[in-house]
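>>> Sharing a model prediction with you, sequence too.
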Amino acid sequence: MIRDYCKYYSDLKRGLDELEEAIPTTVSGYQNLQQTSLTDGTLTLKSKELIALGIAISMGSTGCIALHVNDALIAGANTSEILETIEVAIFMGGEASVIYGCEALEALNQFMVLEK
């Protein structure tokens, strides 16, 4: 099944907003951690998004794949960098990461259409 990653991304963002309304303290704490972790430092935001994508693939988190492919592109990652990230995730995560690497490639293809 091919997922509509652009819609999925929007649905996830809407779901996160709803969750924040239901449990604001928890979501706010997580968002603070995310903002602190995903800012330029010694590593750039782009590098951090690619790391997050690799972990998402290795963990098999389709939602995180959608979020971090999109956010890596926004942070300036290109197709080659995302493909290399998928390669490293497959190396580290084995056979299951091949499946989620396919998911990441499909998400990349869909988000790239929007960028053109």
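Great, that's in hand.
>>> which sections of this structure are below the confidence cut-off?
1, 115-116 (pLDDT under 70).
>>> May I have the distance across stretch 28-46, first residue to last?
End-to-end distance for stretch 28-46: 23 Å, by CA to CA, to the nearest Å.
>>> List the contacts of the residue sitting nearest the centre point of the chain.
When the chain is reduced to its mean C-alpha position, the closest residue under CA atoms, centre = their mean turns out to be His68, at 1.6 Å. Applying CB atoms under 8 Å, 6 or more residues apart in numbering to His68 gives the contacts Glu49, Ala52, Leu53, Ala56. In this view, the C-beta of every residue, glycine as well, is placed from N, C-alpha and C.
>>> Just the buried subset of those residues, please.
Neighbour counting by 16 or more other CB atoms under 10 Å classes Glu49, Ala52, Leu53, Ala56 among these as buried.
>>> list the helices and strands the biggest helix by length in the chain packs on?
When the chain is scanned for its longest helix (criterion: DSSP state H), the result is helix 95-115. Using 3 or more CB pairs under 8 Å, 6 or more residues apart in numbering; DSSP states H and E, the elements in contact with helix 95-115 are helix 5-22, helix 45-59, helix 62-74, helix 79-93.
>>> okay, these in CSV with distance to Ser28 next?
Formatted as CSV, those follow (distance: least, CB to CB, whole Å):
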stretch, distance to Ser28
helix 5-22, 7
helix 45-59, 20
helix 62-74, 18
helix 79-93, 29
